[in-house]
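Undergrad: Coordinates for the following, if possible.
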Amino acid sequence: MSDAKPGKTVNASRVTLSQLMQPEHANTHGNVHGGWIMKLIDEAGALACMRHAQQRVVTVAVDTITFRHPIRIGDLVIITAEVSFVGRTSMEVEVRVEAENPITGECSETNAAYLVYVALDHNGRPIPVPPLIPETDAERQRMESGRARQGNRLARER
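TA: Now for the predicted structure:
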């Protein structure tokens with residue numbers, strides 16, 4: 001009997017969160033505080049990885065978070081996360097953030113991020129995750145890029 005888990009597609013992990021930005025999310029400049037966006041990015045990333053692994057996960061690395069444009073109070077923030085690469089127990093997730101003015105419909109991509117999570121068993125130990133099945137050329141390319149990022153992360157740890 002094999003312990004191998006059946007693979008899952010990128011689409012099976014995809015999560016979208018939407019939240020209206022309120023005054024309590026503001027920084028001293030009157031825009032949305034970057035830390036609030038980072039929290040939402042982490043939540044979306046963790047949910048995508050939980051969907052993939054069907055296990056609890058913990059954040060182990062934030063590879064990059066890019067802030068391209070400010071988000072304003074009153075904007076609808078739409079966060080999309082999906083698994084982009086998996087190792088044995090770890091998963092890399094790509095997260096994209098858009099801000100939409102709900103009155104005008106104007107949208108802009110404000111953030112992009114790559115984070116890494118590890119799946120845990122009931123005792124808090126890392127547990128193997130299902131392989132990732134790319135379905136498109138873009139997903140295959142992103143998976144190869146994720147493999148390279150994982151190699152770079154592991155090299156930095158040595």
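Undergrad: Spell out, range by range, the strands that occur in this structure.
TA: Remark: strands assigned in the chain by DSSP state E are 8-9, 15-20, 56-67, 76-86, 90-100, 107-120, 132-133.
Undergrad: Export those strands as TSV, with columns for distance to E139, mean pLDDT and mean neighbour count.
TA: C-beta: built from backbone N, CA, C; applies to glycine. Putting the strands of the chain into TSV (distance: least, C-beta to C-beta, whole Å; pLDDT from 0 to 100; neighbours: other C-beta atoms under 10 Å) gives the following:
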stretch	distance to E139	mean pLDDT	mean neighbour count
strand 8-9	8	96	18
strand 15-20	16	98	14
strand 56-67	18	94	15
strand 76-86	8	98	23
strand 90-100	10	98	23
strand 107-120	15	97	20
strand 132-133	8	96	19
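Undergrad: so which of the ones you listed comes closest to L47?
TA: Minimum separation from L47 across the strands of the chain (C-beta to C-beta) falls at strand 15-20, 4.5 Å.
Undergrad: That closest one pairs with which strands?
TA: Strand 15-20 pairs in its sheet with strand 76-86 (antiparallel), by DSSP bridges.
Undergrad: Report the angle between the strand it pairs with and strand 90-100.
TA: Between strand 76-86 and strand 90-100, the angle comes out at 160 degrees (axes from the mean of the first three to the mean of the last three C-alpha atoms, to 10 degrees).
Undergrad: Roughly how far does the closest residue to T16 other than its chain neighbours sit from E109?
TA: Nearest residue to T16, sequence neighbours excluded (C-beta to C-beta, 6 or more residues apart in numbering): T80, at 5.0 Å. From T80 over to E109 the distance is 10 Å, taken as C-beta to C-beta, to the nearest Å.
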